[in-house]
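Colleague: please find the sequence and the predicted model below.
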Amino acid sequence: MQLEVPQASGDAPDMDLKTLNITVCGGGIAGMASALALAQRGASVTVLERAPALEEVGAGLQVGPNGMAVLEALGLKDKIRALGTQPEAVELVDHRRGQRLMRVPLGGAAEQRWGRPYLNLHRADLLSVLAEAVQAAGVTVRLGTTVAGRKPNAVLLEDGTTLAADLIVAADGVRSALRKRMWQGEEVRFTGQVAWRALVSAERLGGWEMPRYTLLTLGPGKHVVLYRLREGALINVVAVEERETWVEEGWSIPGDPDELRRRFAGWNPVVERVLSAVESTYQWGLFEHPVLQHWVEDEVVLIGDAAHPMLPFLAQGAVMALEDAWVLADSLARERDLPSSLARYQTLRHPRGTRVQSQAARQARLYHARGPLRPGLHLGMSLVNSLLPDFAPRRFDWLYGMDVTA
Ligand code: FAD
């Protein structure tokens, strides 16, 4: 599946990317991928990252075939494939007995259907591959540099100084300072859901092996996702529960492993076994952000979570950041000037980013069904899975089958 590209401006580009001075705010996945894609097209790029070192949280990421298309086009195919773990499938099971409700084949089937593998990656592995490539491409990375806002054609830093920029790429994540300036008074709503994350070393499982598929266990108002990372040396845990107490949006809140175990006590043996080995955990409050009407203002463009913060239920936030990065750089290389490049980026990305954002929010209702609705829903899933095995993979064709680089 390819992008439906809007009518080109018709003129040959008279903007030379090599003369553009681009500042990328944020050195996460969106920031690094866009810096790389832009530098590969000859732009002069500086990344400003507030953290003193380039690092990601200790957690996994599922990268669907649509994200792999971008990583391949960036020239990172071999490195990423060597670091990734390919799950055989994703299985949706019931929380008590672990009864299978649905199985979506991945592994070779994903590659065949969507053209690229579906991989699980350690976040730090992905970021270090991107960071290495960014440095090799000649990008300047300024660590320990916090962006406070913008002035015309300049980024305003926290220390009061400014940095001139022809283009400002706001890749500063879910709590983007630049988005806040563009959209003052944005109404953000706590969804009443909290995600716990943990990484479990396989060595702590006494010889027991995690299945080679991603296990998605559904309970009333809760779900748990487990998958292998680094060829099974680690198991990634994401456990989501509905709760009234508010928790901050970000991984800064340490959780108590015993509380995590208590909240998911009595779940199927695979979940209990993995949770029994958790040594440390963090919590992230899940918030719903409104869909922004536009992501571009003058020379500022939002990408990644800064543009479309989404709930994690489709495992596509980072993948959308990769797609954004590619399309932004490609638009700048194709169009005749900055305004038409940014307009092209917005036209191509806004419908898709917002569709994924709203689908991810809807997914929670399916995962967390309670009461009399639940048995019927689960029965329906099992029946569809056995009678129409192509139904579930087909539902994801629009998402995983997209290749924004084609
Ligand atoms: P971030 O990763 O947040 O990066 C922003 C960067 O900007 C950071 O380095 C930050 O330090 C820096 N920064 C912030 N403010 C400033 C400032 N003022 N000045 C300078 N620097 C600044 N996505 C997937 O694709 N697959 C998954 O399996 C998946 N699982 C998830 C599970 C959970 C529980 C959660 C919560 C999310 C999950 N996501 C997943 C979503 C994914 O983590 C995000 O969408 C992705 O990290 C967004 O990348 P980003 O670069 O836009 O933002």
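Modeller: Structure received.

Colleague: I'd assumed residue 85 was in contact with residue 232.
Modeller: Yes: contact criterion Cβ atoms under 8 Å: residue 232 and residue 85 qualify, at 7.1 Å. C-beta here means a position set from N, CA and C on the backbone, and glycine is covered the same way.

Colleague: those two: which has the busier surroundings?
Modeller: The neighbour comparison of residue 232 against residue 85 (other Cβ atoms under 10 Å) goes to residue 85, with 20 against 14.

Colleague: neighbours around the residue lying closest to the more buried one once chain neighbours are set aside, how many?
Modeller: Leaving aside its chain neighbours, residue 85 sits nearest to residue 120 (4.7 Å; criterion: Cβ to Cβ, 6 or more residues apart in numbering). Counted with other Cβ under 10 Å, the neighbours of residue 120 add up to 23.

Colleague: look up how far residue 54 lies from residue 120.
Modeller: 21 Å (Cβ to Cβ, to the nearest Å).

Colleague: equivalent analysis for residue 383, please.
Modeller: Taking Cβ to Cβ as the criterion, residue 383 is separated from residue 54 by 48 Å.

Colleague: ok, the two, which is more surrounded?
Modeller: More neighbours surround residue 54 than the other of residue 383 and residue 54, with 20 against 11 (other Cβ under 10 Å).

Colleague: and that one, what pLDDT?
Modeller: The per-residue pLDDT reported for residue 54 equals 85.

Colleague: what helices or strands is the lengthiest strand in the chain leaning on?
Modeller: Longest strand of the chain, by residue count under DSSP state E: strand 189-201. For strand 189-201, the packing partners by 3 or more Cβ pairs under 8 Å, 6 or more residues apart in numbering; DSSP states H and E come out as strand 234-242, helix 257-263, strand 281-288.

Colleague: these: which one's closest to residue 74?
Modeller: strand 234-242 (23.7 Å; Cβ to Cβ).

Colleague: which strands or helices does that closest one pack on?
Modeller: Under the contact rule (3+ Cβ pairs under 8 Å, 6+ apart), strand 234-242 is packed against strand 189-201, strand 222-229, helix 257-263, helix 269-276.

Colleague: could I get stretch 77-96 in CSV with only the CA atoms?
Modeller: In CSV, the C-alpha atoms belonging to stretch 77-96 read as follows (Å, rounded to 0.1, in the frame of the first residue of the first chain):
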residue,chain,number,x,y,z
LYS,A,77,17.7,-2.9,8.0
ASP,A,78,20.5,-5.3,8.9
LYS,A,79,21.3,-3.7,12.3
ILE,A,80,17.7,-3.6,13.3
ARG,A,81,16.9,-7.2,12.1
ALA,A,82,19.9,-8.4,14.1
LEU,A,83,18.7,-6.8,17.3
GLY,A,84,15.0,-7.6,16.9
THR,A,85,13.1,-10.6,17.9
GLN,A,86,10.3,-11.8,15.6
PRO,A,87,7.2,-13.1,17.5
GLU,A,88,5.5,-16.0,15.8
ALA,A,89,2.1,-14.5,16.5
VAL,A,90,0.1,-12.4,18.9
GLU,A,91,-2.4,-14.5,20.9
LEU,A,92,-5.3,-12.9,22.8
VAL,A,93,-6.3,-15.1,25.8
ASP,A,94,-8.6,-15.0,28.7
HIS,A,95,-7.2,-13.9,32.0
ARG,A,96,-8.1,-16.8,34.2
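
Colleague: buried residues in that stretch?
Modeller: 79-80, 83-95 (16 or more other Cβ atoms under 10 Å).

Colleague: what does stretch 229-246 give?
Modeller: So, applying 16+ other Cβ under 10 Å, buried residues of stretch 229-246: 229, 230, 234, 235, 236, 237, 238, 239, 240, 241, 243.

Colleague: from those residues, which is closest to the ligand?
Modeller: Relative to the ligand, the closest of the buried residues of stretch 229-246 is residue 238; by Cβ to the nearest ligand atom it sits at 4.8 Å.

Colleague: dump the residue contacts of the residue in the stretch 151-300 of the chain that the ligand sits nearest to.
Modeller: Across the stretch 151-300 of the chain, the shortest distance to the ligand (Cβ to the nearest ligand atom) belongs to residue 173, at 2.8 Å. Applying Cβ atoms under 8 Å, 6 or more residues apart in numbering to residue 173 gives the contacts 26, 28, 30, 304, 305, 306.

Colleague: would you say it is within a helix?
Modeller: No: read with DSSP: H, G, I helix; E, B strand; the rest coil, residue 173 is coil and lies in no helix.
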